[in-house]
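A.B. asks: compute the structure for the input listed below.
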Amino acid sequence: MDKKTRLELGKLSAEIKSMIDRIGEIQSVISDIADTEREKFDNAPENLQGTDKYSEMEDVADEFDSLKDCFCDAISNLEDIKDSIDNVSKIAEVAKKKAEYLIEKFKKAAKEYNLEKLIEK
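C.D. replies: Down below sits the predicted model:
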C-alpha cells in the first residue's frame with residue numbers, strides 16, 4: 001500500500017471518528033427523549049389504560065426504544081469499520097517495515113559476498 005492510500009485511510013478513519021462522535025451526541029438527545037416518553041407512559045394514570053391515548057403513548061415509547069437501539073447499532077457498526085480501516089493501515093505499515101528490513105539485510109549480504117552488481121539492477 002502506498003503512502004497516498006495510507007493517508008487517505010487515515011483521513012477516512014478520522015472522518016468516521018467524527019461521525020461516531022456526532023451520532024453519539026444525537027443518540028444522547030434521543031435517549032433523553034426516550035426516557036422521558038417511557039416515564040410518561042409508565043406513570044400514566046390508571047384511567048388512561050385501555051384508551052387510544054394510552055396505546056399511543058406506549059407506541060411512542062416503544063418507537064423511541066427502537067430508535068435508541070438503532071443508534072447503538074449504527075455506532076457499533078461505524079466503530080467496526082473504523083477498526084478495520086485502522087487495522088489495514090497498521091498491517092500495511094508493518095509489511096512496509098518488514099520489506100525495508102529485508103532489503104537492507106539483502107544489501108548487507110550482497111556486499112558481504114561481493115554481489116553489489118545484483119543490487120544495481
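
A.B. asks: quick one: low-confidence ranges for this protein?
C.D. replies: Residues of the chain meeting the criterion pLDDT under 70: 118-121.

A.B. asks: can you pull out the helices in this protein?
C.D. replies: Using DSSP state H, the helices of the chain run over 3-42, 52-112, 116-120.

A.B. asks: ok, the residue nearest in space to the middle of the chain - contacts?
C.D. replies: By C-alpha atoms, centre = their mean, the chain has its centre lying nearest to Glu79, at 1.9 Å. When contacts are counted by C-beta atoms under 8 Å, 6 or more residues apart in numbering, Glu79 touches Ile20. Backbone N, C-alpha and C define where each C-beta goes, glycine included.

A.B. asks: ok, 10 Å please
C.D. replies: 16-17, 20 (C-beta atoms under 10 Å, 6 or more residues apart in numbering).

A.B. asks: do the same with Ser55
C.D. replies: Counting by C-beta under 10 Å, 6+ apart, Ser55 has contacts 48-49.

A.B. asks: what is the neighbour count of Ile91?
C.D. replies: 11 (other C-beta atoms under 10 Å).

A.B. asks: Ala34 and Asp65 touch, don't they?
C.D. replies: Yes - in terms of C-beta atoms under 10 Å, Ala34 counts as a neighbour of Asp65; the distance is 6.0 Å.

A.B. asks: out of these two, which sits in the more crowded spot?
C.D. replies: Ala34 (22 against 15).

A.B. asks: and Ser13, how far is that from Ser84?
C.D. replies: 10 Å (C-beta to C-beta, to the nearest Å).

A.B. asks: more crowded one of these two?
C.D. replies: Ser13 (18 against 11).
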